[in-house]
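Participant: predicted model and sequence follow; I will ask about them next.
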Amino acid sequence: QKEVEQNSGPLSVPEGAIASLNCTYSDQGSQSFFWYRQYSGKSPELIMFIYSNGDKEDGRFTAQLNKASQYVSLLIRDSQPSDSATYLCAVNRDNYGQNFVFGPGTRLSVLP
Amino acid sequence: EAQVTQNPRYLITVTGKKLTVTCSQNMNHEYMSWYRQDPGLGLRQIYYSMNVEVTDKGDVPEGYKVSRKEKRNFPLILESPSPNQTSLYFCASTALGGRAYEQYFGPGTRLTVT
């Protein structure tokens, strides 16, 4: 079992819909969780991070964490074609937050 | 402008010829990391550094070396590159405190080893 798993996609949603991206992790000691967006040929950029169980909202993005189920999700409301990218889930293994493990990413396509 | 720079951006080399990929950040960040990205495998951490002269192995350190002699620079060294090190490499830096753990990534270096 991989340490961080994501559906590779592609996940296709129509413009204006809610895109739901999922991530599971195997290390119960994981402390903090991150979602990155990566456009084709570009470097990853941080969208959200979450440390506590529950929901965290930032604009059109909501991160959800359930440590008991070892599950993290990212919801994108009112999806736009510019949201089309690969979304990477990342988990840090240590308290200093420098030992990261990334999932393989989910490719999202928002159709006009 | 706050940024992480990497050089070269593209490199084609032959097996066994030593190479160095440079990484520099101008944000006075304590933490720096190197990753490689391969299709279907995502980003995998090679090495990370928490400060000058402090480095540690990530998940895939074999075949790589790093050094952190200055806070701003974190070069990645391939002493004897092999074709399985063909990949897209990213350097990243992170501040201690503030918006903790936000990694700023460099633009990437695409390496091909023939």
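Facilitator: That came through, no problem. Numbers count the residues shown, from 1 in each chain, chains lettered A, B, ... in the order given.
Participant: drop to CA atoms for contacts and neighbour counts, all remaining ones
Facilitator: Fine.
Participant: so which residues on chain B come close to chain A?
Facilitator: Counting by Cα under 8 Å from any Cα of the partner chain, the positions of chain B adjacent to chain A are B:31, B:33, B:40-45, B:48, B:50, B:58, B:90, B:101-108.
Participant: again, only this time at 7 Å
Facilitator: With the criterion set to Cα under 7 Å from any Cα of the partner chain, chain B comes near chain A through B:40-45, B:48, B:58, B:101-102, B:105-108.
Participant: among the residues you listed, which one lies nearest to residue A:42?
Facilitator: Here the nearest of the residues of chain B next to chain A to residue A:42, counting by Cα to Cα, is residue B:107; it sits at 6.6 Å.
Participant: pretty sure that closest one sits against residue A:41.
Facilitator: No - in this structure residue B:107 lies outside contact range of residue A:41 using Cα atoms under 7 Å: 8.9 Å.
Participant: among the residues of chain B next to chain A, which are located in strands?
Facilitator: Helix and strand membership here follows DSSP state E; of the residues of chain B next to chain A, those in strands are B:42-45, B:48, B:105.
Participant: where does the chain have low pLDDT?
Facilitator: Using chain A here. In the predicted model of chain A, residues A:1, A:95-97 satisfy pLDDT under 70.
Participant: wrong chain, I was asking about chain B
Facilitator: Residues of chain B meeting the criterion pLDDT under 70: B:97-101.
Participant: pretty sure residue B:38 contacts residue B:89?
Facilitator: No - in this structure, residue B:38 is not within contact of residue B:89 by Cα under 7 Å, at 9.1 Å.
Participant: more crowded one of the two?
Facilitator: The residue with more neighbours, out of residue B:38 and residue B:89, is residue B:89; 26 against 15, by other Cα atoms under 10 Å in any protein chain shown.
Participant: now the residue in chain B that chain A sits nearest to: closest residue in space that isn't a chain neighbour?
Facilitator: The minimum distance from chain B to chain A, using Cα to the nearest Cα, falls at residue B:42 (3.9 Å). Counting by Cα to Cα, 6 or more residues apart in numbering or on different chains, the nearest residue to residue B:42 once its immediate chain neighbours are dropped is residue A:104, at 3.9 Å.
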